[in-house]
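> Mind folding the following:
(one chain, ligands or ions: 2)
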Amino acid sequence: MRTEIAQRPPDAEAPERASTLPALVLDSLEMGAVALDRERKVVYANRRIEELLGVEPGALLSLPGNRVFPGADARWLKGAARESRDFHIETGERDLTLRGESVPMRDEDGEFAGSVVIAEAISETEDGEFQKKIDRLVSLGELSAYVAHEIRNPLTGIRTTVQFVASKLKPRDPRREDLDDVIQELDRIEQIITGLLMFARPPQARSQACDLHQVVERTLDLLDLQLRDSKVNVHRELADELPLVIADPDLLQQVLLNLCLNAIQAMPEGGDLTLTTGVRRYRTRRSLVDVSIADTGVGIPKELMEKIFDPFFTTRSMGTGLGLPISVQIVRDAGGVITARNNPGGGATMRVSLPVPAEPPGKPEE
Ligand SMILES: Nc1ncnc2c1ncn2[C@@H]1O[C@H](COP(=O)(O)OP(=O)(O)OP(=O)(O)O)[C@@H](O)[C@H]1O
Ligand SMILES: [Mg+2]
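Ligands and ions are numbered 1, 2, ... in the order given. Here you go, the predicted model:
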């Protein structure tokens, strides 16, 4: 269900709110809190719930409770059901699952005065699970890196020998073709091993203040030929001003390259690739800089949404399935996240979000 509540433009500053102690306490909570009156209309919403839903401060006030928590019945909203429920909400930017619990509010005489709904985004809680999975995969990756390393040396030897034997054959010898096939397959193994090593032992990030617009442009330069060959039109929807982020620009370029390549590969007949940048400003937590890569390709089947970030998961015959996990790791090391979603009109959007440093860093060195 889609929230039909006014969305806040991504870079709009929130107006001042009440700063009484109870309001400050409620606004500091990591959980969303919404108070409803006897008629189940919103009389208070804390900052966290507004942030989760991406709405303007005050936008929830006086809305019926079941507009904020779609499908909630009166009994639950009044706090009589005493059980937690999940609500799937499409905000302007992402699908969100809120897990809420409702408790009745009573006045001094013990009379029912309304209710309070406490809600948190379970997709974000589950992020912890995702981290555990990544940790497990990292140790698995370490083992794989060892094996990959051990394979690489003999592989180089085999390739050199095959090349040597091929060079001894006459130019028209049909066995040359067979040996070329062998070399091609060896190159593919080498490519997988390179990816595996990158995943298991990513290069040490050389973090610095970096301008994401520069990284975007460099990535698009690298892809120039490929974009033209594959009939993909590039659109830039870049923010006028983007705060610098602290990260390794070369590694970020690798991330954008992986995401753009995936987007291009998802559009075998050509299409539109749109790179969008923006800032999401929050008062209670770090602001975020976003770079989104949207395509008009085949999209990601719902049942594969979770799997695409798994190492070696690929639907492409020549894919290694390491592009996304490597990218997730690089972005995570810089304190950010990558999220995936399908576009309503077809195709997918991958969004890289990185935190804006508390202190504005100096300009990057050219
Ligand atoms: N923009 C997209 N649209 C549709 N599917 C996508 C998109 N990006 C990723 N995927 C899916 O996620 C899978 C995993 O992507 P990932 O980049 O990790 O590996 P790959 O592209 O298959 O191989 P590699 O990047 O190692 O060459 C892809 O095979 C594809 O099924
Ligand atoms: Mg890829």
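> ok now the strand or helix carrying Val117, how far from the chain's centre?
In this structure, Val117 sits in strand 112-121 according to DSSP states H and E. Strand 112-121 has its C-alpha centroid displaced from the chain centroid by 30 Å (CA atoms, centre = their mean, to the nearest Å).
> Can you work out which other helices and strands pack against that strand?
strand 32-36, helix 47-53, strand 95-106 (3 or more CB pairs under 8 Å, 6 or more residues apart in numbering; DSSP states H and E). For the C-beta atoms, the positions are set from N, CA and C on the backbone; glycine is no exception.
> okay, those in CSV with mean neighbour count, distance to Thr315 and mean pLDDT next?
CSV is the format used below for these (neighbours: other CB atoms under 10 Å; distance: least, CB to CB, whole Å; pLDDT from 0 to 100):
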stretch, mean neighbour count, distance to Thr315, mean pLDDT
strand 32-36, 22, 36, 93
helix 47-53, 22, 32, 88
strand 95-106, 17, 21, 86
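> between those, which gets nearest to ligand 1?
Taking CB to the nearest ligand atom, strand 95-106 is the member of the helices and strands packed on strand 112-121 nearest to ligand 1, at 16.4 Å.
> Name the strands paired with the closest one and say parallel or antiparallel.
Taking DSSP bridges as the criterion, strand 95-106 forms sheet pairs with strand 85-90 (antiparallel), strand 112-121 (antiparallel).
> What are the buried residues along the shortest one?
Within strand 85-90, the residues scored as buried using 16 or more other CB atoms under 10 Å are Arg85, Phe87, Ile89.
> do stretch 144-156 as well
Along stretch 144-156, these residues count as buried under the neighbour rule (16+ other CB under 10 Å): Ser144, Ala145, Ala148, Arg152, Leu155.
> roughly how far out does that stretch sit from the chain middle?
Relative to the chain's own centre, stretch 144-156 is displaced by 32 Å; criterion: CA atoms, centre = their mean.
> Domain map for the chain?
What automatic domain parsing lists as the domains of the chain is 21-124, 128-200, 208-355.
> Is ligand 2 within reach of the second one?
This points to domain 128-200. No. Judged by CB under 5 Å from the ion, domain 128-200 stays clear of ligand 2, getting no closer than 9.4 Å.
> thinking again about what came up before, reformat the domains of the chain as JSON lines; add distance to ligand 1.
As requested, those are exported to JSON lines (distance: least, CB to the nearest ligand atom, whole Å):
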{"stretch": "domain 21-124", "distance to ligand 1": "16"}
{"stretch": "domain 128-200", "distance to ligand 1": "6"}
{"stretch": "domain 208-355", "distance to ligand 1": "2"}
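> Unless I misread the structure, Pro202 falls within a strand.
No. Assignment of Pro202 by DSSP: H, G, I helix; E, B strand; the rest coil gives coil, placing it outside any strand.
> Just the pLDDT at it, thanks.
Here the pLDDT value assigned to Pro202 is 76.
> Without its sequence neighbours, what residue ends up closest to it?
Take Pro202 and drop its neighbours on the chain: the residue closest to it by CB to CB, 6 or more residues apart in numbering is Gln329, 5.8 Å away.
> since we're on the one you found, how many residues are nearby?
For Gln329, the count of nearby residues is 22 (other CB atoms under 10 Å).
> And Leu29, by the same measure?
For Leu29, the neighbour count with other CB under 10 Å is 15.
> Contacts only, for it.
Neighbouring residues of Leu29 by CB atoms under 8 Å, 6 or more residues apart in numbering: Asn46, Arg48.
> one more time with 6 Å
Shown in contact with Leu29 (CB atoms under 6 Å, 6 or more residues apart in numbering): Arg48.
> if I look at it, how far off is ligand 2?
39 Å (CB to the ion, to the nearest Å).
> I'd like the distance between that residue and Ala23.
The spacing between Leu29 and Ala23, counted by CB to CB, to the nearest Å, is 11 Å.
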